[in-house]
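Student: just to be clear, the model below is a prediction. Sequence and coordinates:
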Amino acid sequence: MVCRTPPNRHSGSIFFALQKAVTGGPRRFCSVKYERVHPPLSFVTPRPRKIIHCDCDCFYAAVETRDDPSLRGKPVAVGGRADQRGVVATCNYEARHFGVRSAMATAQAVQRCPDLIVLPPTMEKYRVASRQILAIYRDYTDLVEPLSLDEAYLDVSDARHCHGSATLMAREIRARIAADVGITASAGIAPNKFVAKIASDWNKPDGQHVVLPEQVDAFVAALQVKKLFGVGAVTAAKLNRLGASTCADLRSWSLLELQQHFGKFGTRLFELVRGIDLREVCSDRERKSISVEETYNQDLPDLAACAAPMRTLVEQLVLRVQRNDAARFICKLTVKIRFADFRQTSVECLGTGIELQTFRHLLETGFARGMQPVRLLGAGVRLEEEESEQQLGLFE
């Protein structure tokens, strides 16, 4: 009897990692005699990619400080006025030292930092800086996926700059942003988007971090589960209660167990805790919607209890739309509600601007469909599909 040798550790590492986690161990091949053959094409792992995630440091505040040097060394935030129930869009590190953060009510930010300088957003200046930054990215690769005005993924796997070194390219890109735009940026370099994005936050501000292919497993294993994309405060608390505080802890869970606890998101968790992310960098990525949502530690008991959280969500949505420069493409407004029994409903209407009163009406309509406590609320906008290319055009 002849049996074929399974793929080697290089060609099938992801397959066997998944197989072991799902079934408890690698499949036992028959063992009378082995004959070496080429592994099936589906088992072959492609060569590691070189992904850079580049993110400017405190973008809005950095541009304002660049244009007004007297602000340097002082706590600065960009956002709405405290007396108009405004919120902070971004703030510099001097302000963060006092506990100020993005999406915080400006009034609360001023309480924490009485000397905080709050400036209104000047979007045209930010767009100009964004166009300059994207032009620098595109000098290195055509595979650039903008995430917002100041953040993007770059796939430099085939780039020939800097002798093909993604580390050197990231360093050069950051130096050019500092010299040409006058602000700093941080970068993460890794074999996939998930790890690169986490790595870009590792040495902020004005730094970079590299995770080599052979380092991904240990890097991800040590991460706190709250670092995973999609894991908010409520999910992180649930995971901690179940005994999982790090990705290494969560690797002991089978795919089935994760799906039982977290539904479809369990599949994504299963992949992320192993550092698996096969998403490609898409230069023609079209954003069709923007939304924010929150799962609450305690269910909101009635419609009245949903009012204040909805206002907060709408304020956060305004900031996110501004950051993506998408206000002129809004065509619909949406509200999402998940009730205590996990039933979910969404309500939408036509609209070209974000108005709190409209979101309140949508909330009332959606709540009437369930008439029970609410565990999750969301607010969002849909964007005109035919305008998608123009939306990204502001970077060109």
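Tutor: That came in fine, so what should we check first?
Student: ok, for residue 303, nearest residue in space, not its chain neighbours?
Tutor: Closest residue in space to residue 303, ignoring its immediate chain neighbours: residue 367 at 4.9 Å, by CB to CB, 6 or more residues apart in numbering. For glycine as for every other residue, the C-beta is placed from the backbone atoms N, C-alpha and C.
Student: then residue 379?
Tutor: Distance criterion CB to CB, 6+ apart; nearest residue to residue 379, sequence neighbours excluded, is residue 313 at 4.2 Å.
Student: same thing with residue 137?
Tutor: Using CB to CB, 6+ apart and skipping residues adjacent in sequence, the residue nearest residue 137 is residue 144, 4.8 Å away.
Student: please name the residues that touch the one you found.
Tutor: Contact analysis of residue 144 by CB atoms under 8 Å, 6 or more residues apart in numbering lists 134, 137, 138, 152, 153, 154, 281, 283.
Student: quick check: the fourth one touching residue 136?
Tutor: Right, the one you point to is residue 152. No - applying CB atoms under 8 Å as the test, residue 152 and residue 136 come out as separate, 10.3 Å apart.
Student: looking at the two, which is more packed in?
Tutor: residue 152 (23 against 20; other CB atoms under 10 Å).
Student: tell me the bridge partners for the more buried one.
Tutor: According to DSSP bridges, the residues that bridge with residue 152 are residue 54, residue 146.
Student: which ones are touching it?
Tutor: Taking CB under 8 Å, 6+ apart, we find residue 152 in contact with 53, 54, 133, 134, 137, 144, 145, 146.
Student: need the CA coordinates for the helix or strand hosting residue 198. CSV is fine.
Tutor: Here residue 198 sits within helix 193-199, counting by DSSP states H and E. Listed next in CSV are the C-alpha coordinates belonging to helix 193-199 (Å, rounded to 0.1, in the frame of the first residue of the first chain):
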residue,chain,number,x,y,z
LYS,A,193,-3.4,43.5,6.6
PHE,A,194,-4.5,42.5,10.1
VAL,A,195,-1.0,42.2,11.6
ALA,A,196,0.3,45.3,9.7
LYS,A,197,-2.5,47.5,11.2
ILE,A,198,-1.8,46.3,14.7
ALA,A,199,1.9,46.8,14.2
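Student: and it, what does it pack against?
Tutor: For helix 193-199, the elements it packs on are strand 51-56, strand 151-155, strand 185-190, strand 208-210, helix 216-221, judged by 3 or more CB pairs under 8 Å, 6 or more residues apart in numbering; DSSP states H and E.
Student: may I see the buried residues of stretch 324-341?
Tutor: Across stretch 324-341, burial judged by 16 or more other CB atoms under 10 Å covers 324, 325, 326, 329, 330, 333, 334, 335, 336, 337, 338, 339.
Student: would you map out the domains in the chain?
Tutor: Following automatic domain parsing, the chain resolves into domains at 3-43, 47-211, 217-272, 289-393.
Student: please convert the ones you listed to TSV, extending it with mean pLDDT.
Tutor: Conversion of the domains of the chain to TSV gives the following (pLDDT from 0 to 100):
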stretch	mean pLDDT
domain 3-43	39
domain 47-211	94
domain 217-272	90
domain 289-393	86
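Student: so which of the ones you listed is the most surrounded?
Tutor: When these are scored by mean count of other CB atoms under 10 Å, the highest mean neighbour count falls to domain 47-211 (a mean of 19).
Student: coming back round to it: among the buried residues of stretch 324-341, which pair sits farthest apart?
Tutor: Using CB to CB, the two most remote members of the buried residues of stretch 324-341 are 325 and 339, lying 34.5 Å apart.
Student: need the helices and strands packed on helix 193-199 in TSV (columns: distance to residue 69).
Tutor: TSV is the format used below for the helices and strands packed on helix 193-199 (distance: least, CB to CB, whole Å):
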stretch	distance to residue 69
strand 51-56	18
strand 151-155	25
strand 185-190	19
strand 208-210	26
helix 216-221	38
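Student: residue 288: which of the ones you listed is closest?
Tutor: Counting by CB to CB, residue 288 lies closest to strand 151-155 out of these; the figure is 18.3 Å.
Student: residues touching the helix or strand just after the closest one, excluding its own?
Tutor: Scanning forward in sequence from strand 151-155 by DSSP H and E, the next helix or strand is helix 166-180. For helix 166-180, contacts defined as CB under 8 Å, 6+ apart pick out 50-52, 54, 56, 132-133, 136-137, 140, 154, 156, 159, 161-162, 183-187, 189, 206, 208, 210.
Student: show me the contacts for the residue nearest to residue 327 when sequence neighbours are not counted.
Tutor: Computed as CB to CB, 6+ apart, the closest residue to residue 327 that is not its neighbour in sequence is residue 321, at 5.4 Å. Neighbouring residues of residue 321 by CB under 8 Å, 6+ apart: 290, 327, 330, 354, 381.
Student: out of the residues you listed, which are inside helices?
Tutor: Taking DSSP state H, every one of the contacts of residue 321 sits outside helices.
Student: inside strands: which ones of those residues?
Tutor: Counting by DSSP state E, the contacts of residue 321 place 290, 330, 381 in strands.
Student: which one of these sits closest to residue 361?
Tutor: Once CB to CB is applied, the member of these that ends up nearest residue 361 is residue 381, at 15.2 Å.
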